[in-house]
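J.: Here is my input, please return the structure:
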Amino acid sequence: MHPLIARARTRLVIALMLLAVLAPAALAAAQYPRYWEWIALELTPMTWLQTVLLMLAAATAAALAVAGVVREWPRSHRLAYVVLALGFSYLALDDRFAIHERIRDRILAPRDIRIPGLDFLAPGDFQVLLMGVAGLLALPFVLRALRADRLALWLFVLGVLCSVTAIGMDAIDPATMPVDVERLEQTLEECVELLAGCLYAAALGVRLLALLDVPRASAPELVAPEVQASRAAADPTAPPPAATERDTNLGEVAGEHGVDRRADAVTGSASVR
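T.: Modelled structure (predicted):
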């Protein structure tokens, strides 16, 4: 991999991990001692940040799906990125407009609708579990698509672990906890969700950056001729750059013109005689 691409991948991961740590700290400090107000509540700056990360991940997944079509990847790999793009887009809309919370509060909870046997869940909170199950069903296809890039694969796996942790925390009924504990628990849950979004964006981002890498064997064809000449002058032992298709075509045309000129010369000399 080209050093510039490798450095860009590393910097992207570091930047997103710093964002996952510094953003909640800044939001908590801005509202201290009511640290939870911009983090745990819905439609807050934390919600906006999570929405931006999810939309970034969705756009990157869509770009990878298009790249898969161009590069003729297997259909299962392309569909995995399409599913990711759709899934992250829905999660972003759900974060921004609190879709599952509104369904719970206006439809499910007033009618005490719950899954039998899961009494630890508040009425209507099973929606998050269903979204988690849908994600786990798609997970094997996504991991298979990311298998070619080990860094992207591990980042995505860590994101899944954070998502499972956040779903487990969200499934706890807040009515069973004191108010102070509930605020802390929901604040930590949102921080874990932000970390998951950063890991997903990092995984897909480094995968997309890897596609920008140019194999060393074909790199000279993409370098300007004057740059190739300066490199050759700096290193006389370096092998000459391979001829490109354009150079080959120009050589063929020049050869044809040379043959035509020699034929004209022979014809002219014969006419003089």
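
J.: what distance separates the lengthiest helix in the chain from the centre of its chain?
T.: With secondary structure taken from DSSP state H, the chain has its longest helix at helix 179-210. How far helix 179-210 lies from its chain's middle: 14 Å, per CA atoms, centre = their mean, to the nearest Å.

J.: what does stretch 2-18 give?
T.: 13 Å.

J.: so Thr44 makes contact with Glu37?
T.: Yes - checked against CB atoms under 8 Å, the pair Thr44 and Glu37 is within contact range at 7.1 Å. (C-beta placed from N, C-alpha, C; glycine too.)

J.: for the stretch 101-250 of the chain, what are the low-confidence residue spans?
T.: The stretch 101-250 of the chain contains residues with pLDDT under 70 at 117, 119-120, 214-250.

J.: now Leu161: how far from Leu136?
T.: Leu161 sits 12 Å away from Leu136, going by CB to CB, to the nearest Å.

J.: for the stretch 151-273 of the chain, what spans make up the helices?
T.: Secondary structure of the stretch 151-273 of the chain, counting by DSSP state H, counting those that start in this stretch: helices at 179-210, 225-234, 245-272.

J.: what sits against the nearest residue to Ala65 once chain neighbours are set aside?
T.: Computed as CB to CB, 6 or more residues apart in numbering, the closest residue to Ala65 that is not its neighbour in sequence is Tyr81, at 3.9 Å. Counting by CB atoms under 8 Å, 6 or more residues apart in numbering, Tyr81 touches 61-62, 64-65, 68, 145.

J.: and Trp36, which of the three is it?
T.: coil (DSSP: H, G, I helix; E, B strand; the rest coil).

J.: list the contacts for the residue nearest to Leu151 when sequence neighbours are not counted?
T.: Of all residues not flanking Leu151 in the chain, Val206 sits nearest, at 5.4 Å (CB to CB, 6+ apart). By CB under 8 Å, 6+ apart, the contact list for Val206 reads 9, 12-13, 149, 151-152, 155.

J.: just Ala20 next, same as before
T.: Contacts of Ala20 by CB under 8 Å, 6+ apart are 191, 194-195, 198.

J.: if you set the cut-off to 10 Å instead, what comes out?
T.: Shown in contact with Ala20 (CB atoms under 10 Å, 6 or more residues apart in numbering): 49, 53, 162, 191-199, 202.

J.: Overlap of the contact sets of Thr44 and Glu37?
T.: By CB under 10 Å, 6+ apart, the residues touching both Thr44 and Glu37 are 27, 31.

J.: how much space between the residue nearest the centre of the chain and Gly168?
T.: Centroid-nearest residue in the chain, with CA atoms, centre = their mean: Leu204, separated by 2.2 Å. Going from Leu204 to Gly168 by CB to CB gives 24 Å.

J.: ok, now Gln50?
T.: Gln50 is 18 Å from Gly168, by CB to CB.

J.: So those two - more neighbours on which side?
T.: Gln50 (22 against 14; other CB atoms under 10 Å).

J.: element containing the more buried one?
T.: Using DSSP states H and E, Gln50 sits within helix 45-70.

J.: now that helix against helix 179-210, angle please.
T.: Helix 45-70 runs at 30 degrees relative to helix 179-210, counting by axes from the mean of the first three to the mean of the last three CA atoms, to 10 degrees.

J.: so how far is helix 45-70 off the chain centroid?
T.: 6 Å.

J.: Same check on stretch 15-27?
T.: 18 Å.

J.: could we number from 41 for the rest of this?
T.: I'll keep to 41 as the first residue from here, and by that count the last item is stretch 55-67.

J.: Buried residues, that stretch. List them.
T.: 56, 59-60, 63-64, 67 (16 or more other CB atoms under 10 Å).

J.: between those, which is closest to Ile45?
T.: Ranked by distance to Ile45 (CB to CB), the buried residues of stretch 55-67 are led by Leu56 at 16.9 Å.
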